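Visitor: Structure, please.
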Amino acid sequence: MIQHMGTLVDLLERPTYSHSQVDRLLGLSPGTAQRWIDGYVRAGRQYAPVIRETTTGVSTATWGEFVEARLLAEYRDSGVPMLRMRPAIEDLRHSLNTRYPLASSRLWVEPDGRELVRTVQERVGLEKPLTLVVLRTHQTLLDPEKRLQWTSGAARFKRSVRWAEADGEMHPIQIHPMADNDDVVIDPLRGFGEPVVRSVPTEIIAELIRAGDPPTMIADLYELPVPLVNAAVRYELSRVPA
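Guide: Residues are numbered from 1 along each chain as shown. Below is the predicted model:
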């Protein structure tokens with residue numbers, strides 16, 4: 001729980017980013033976060049959101065919605081319309097009784113999470129490549145921990161989240177926005193929610209690099225190891241959509 005505008009609110013409910021910021025931070029094409037989070041209209045037809053239960057018209061994403069968008073970003077190149085994932089998310093939302101099923105520790109921390117997801121996938125007929133878990137068909141073990149595994153995208157997301165306990169529940173408090181780059185962190189309570197390496201915004205480091213400053217000079221300026229400077233630059237380059 002955090003103190004926000006004089007009222008205790010759940011961190012997941014904290015208004016954190018504009019939709020365009022979500023696109024920028026996760027390296028999505030412009031307009032993607034808007035479509036995923038709040039739906040869109042095309043050729044006079046209204047398309048429901050994937051993340052929110054219904055379209056609200058609210059252009060600010062909560063921390064919970066950002067975390068869910070981070071997972072969906074792993075499937076951006078799947079070639080399958082993201083709307084096909086909506087029935088599974090709706091099912092999980094009702095099964096878990098939470099507004100943020102994809103950011104729920106029940107899926108990612110509890111031992112029965114993968115089995116729950118498998119059940120939902122089968123119930124709604126969700127097929128590859130949008131599935132979150134896959135069955136190890138070459139094994140006949142009954143133990144769900146051994147016969148089920150996360151897909152590569154889900155596994156990368158799982159590794160990217162840092163959890164903390166509050167009021168007896170686990171909550172996502174930090175995200176690594178780039179797969180396989182644990183040095184860059186997004187924390188809604190640090191650096192105005194912008195990506196940082198040891199509290200230094202990655203955008204500032206990238207600006208200095210563009211200005212011609214060598215990594216060693218930047219490292220000395222901010223008292224950072226050179227590998228952290230390089231990690232910041234690598235992230236900044238990765239989030240620019242091709």
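
Visitor: count of residues packed around residue 99?
Guide: By other Cβ atoms under 10 Å, 18 other residues sit near residue 99. C-beta coordinates here come from the backbone N, C-alpha and C atoms, glycine included.

Visitor: hang on, isn't it packed against residue 63?
Guide: No. Using Cβ atoms under 8 Å, residue 99 is not in contact with residue 63, being 11.7 Å away.

Visitor: Now the common contact residues for these two.
Guide: residue 12 (Cβ atoms under 8 Å, 6 or more residues apart in numbering).

Visitor: distance of residue 176 from residue 230?
Guide: 16 Å (Cβ to Cβ, to the nearest Å).

Visitor: Looking at the two, which has the bigger crowd around it?
Guide: Of the pair residue 176 and residue 230, residue 176 is the one with more neighbours under other Cβ under 10 Å, namely 21 against 18.

Visitor: just for this structure, where's the confidence low?
Guide: 1-9, 135-146, 240-242 (pLDDT under 70).

Visitor: can you give me the helices in it?
Guide: 19-26, 32-38, 63-73, 86-96, 105-108, 113-124, 144-147, 152-160, 202-210, 215-222, 226-238 (DSSP state H).

Visitor: Name the stretch among those helices that sits most buried.
Guide: Of all the helices of the chain, helix 63-73 has the most neighbours on average by mean count of other Cβ atoms under 10 Å, namely a mean of 26.

Visitor: So what touches it?
Guide: 11-14, 16-17, 22, 25-28, 33, 36-37, 50-52, 61, 82, 85, 99-100, 102-103, 153-154, 157, 160-161, 172, 175, 177, 186, 188.

Visitor: what about that helix, distance to the chain center?
Guide: In terms of Cα atoms, centre = their mean, to the nearest Å, the centre of helix 63-73 is found 3 Å from the chain centre.

Visitor: Now do it and helix 86-96, the angle between them.
Guide: Counting by axes from the mean of the first three to the mean of the last three Cα atoms, to 10 degrees, helix 63-73 lies at 140 degrees to helix 86-96.

Visitor: and helix 63-73 with helix 19-26, angle?
Guide: Put simply, helix 63-73 runs at 50 degrees to helix 19-26, going by the same axes, to 10 degrees.

Visitor: Dump helix 63-73 to CSV, restricted to CA.
Guide: Output in CSV follows, covering the C-alpha atoms of helix 63-73 (Å, rounded to 0.1, in the frame of the first residue of the first chain):
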residue,chain,number,x,y,z
TRP,A,63,0.6,0.5,-12.6
GLY,A,64,-1.4,-2.8,-12.9
GLU,A,65,-2.3,-2.0,-16.5
PHE,A,66,1.3,-1.2,-17.3
VAL,A,67,2.4,-4.6,-15.8
GLU,A,68,-0.1,-6.4,-17.9
ALA,A,69,1.0,-4.5,-21.0
ARG,A,70,4.5,-5.6,-20.2
LEU,A,71,3.4,-9.2,-20.5
LEU,A,72,1.4,-8.6,-23.8
ALA,A,73,4.5,-6.9,-25.2
